[in-house]
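*Asks:* Based on what follows, work out the 3D shape:
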Amino acid sequence: SFWFQRVNQEGSYVSDVFSGVRGVPHFIAAVKLTKGGVDYVLRATIDSARFTSLVEGVRLGTTGEAFIINREGLYQTQSRLHGKLLAPSGIILPEHFEGVRVLDDVRRNHRELVLAKTWLKHGDWLLICQQDKADAYASLYQARLLALAMALGGGVLVVITTVFFTRRLVRR
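*Replies:* All right, here's what the predicted structure looks like:
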């Protein structure tokens, strides 16, 4: 089998999500271990629903979500806002890059988004975390307004104090 050949060559293998014989979406993970000159292979089947709930559990504000797509652009986890498991995402995959990329000028379905993405599984899966721009920057906007209010308040306080002490000095 393909997965068995890959685990023997590379030491480990993680498949894409697929519908098995029973039509239940899942993926497999396999690792090879050599102990005492004997090779052992451990293969586990991971229920896609549990994996999806783990990824979907990443809630970013009120509008954020996380999902995974594979190299073919198929959803490997369900997207709350965009698509079902194993459906085409329509997302144009970027070339391979290292680390995490953050983009804050993305428009999708008439929404401005902040998008963070990183490759998983040796570049076979792309993890995408997205959030509406207004939601993502809400705390920053509040902090900016607070700083502006404090600066204005401080300026008014300086003017009032200056006027008060200047009048007092002039009276003397």
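*Asks:* helix or strand for Arg167, which one?
*Replies:* With secondary structure defined by DSSP states H and E, Arg167 is part of helix 138-171.
*Asks:* pLDDT averaged over that helix, what's the number?
*Replies:* Per-residue pLDDT over helix 138-171 has a mean of 92.
*Asks:* which other helices and strands contact it?
*Replies:* Here helix 138-171 is seen to pack against no other helix or strand when contacts are counted using 3 or more Cβ pairs under 8 Å, 6 or more residues apart in numbering; DSSP states H and E. All C-beta atoms are positioned from the backbone trio N, CA, C, and that covers glycine.
*Asks:* and it, how far from the chain's centre?
*Replies:* Its chain's C-alpha centre and that of helix 138-171 lie 41 Å apart, by Cα atoms, centre = their mean, to the nearest Å.
*Asks:* What of stretch 75-86?
*Replies:* Averaging C-alpha coordinates over stretch 75-86 and over its chain gives two centres that are 14 Å apart (Cα atoms, centre = their mean).
*Asks:* which residues sit against that stretch?
*Replies:* The contact list for stretch 75-86, computed with Cβ atoms under 8 Å, 6 or more residues apart in numbering, reads 16-19, 25, 27, 48, 51-52, 55-56, 65-70, 74, 87, 89-90, 109, 125.
*Asks:* how about it: buried residues?
*Replies:* 75-79, 82-83, 85-86 (16 or more other Cβ atoms under 10 Å).
*Asks:* So for it, first residue to last residue, what's the gap.
*Replies:* The distance separating the two terminal residues of stretch 75-86, taken as Cα to Cα, to the nearest Å, comes to 5 Å.
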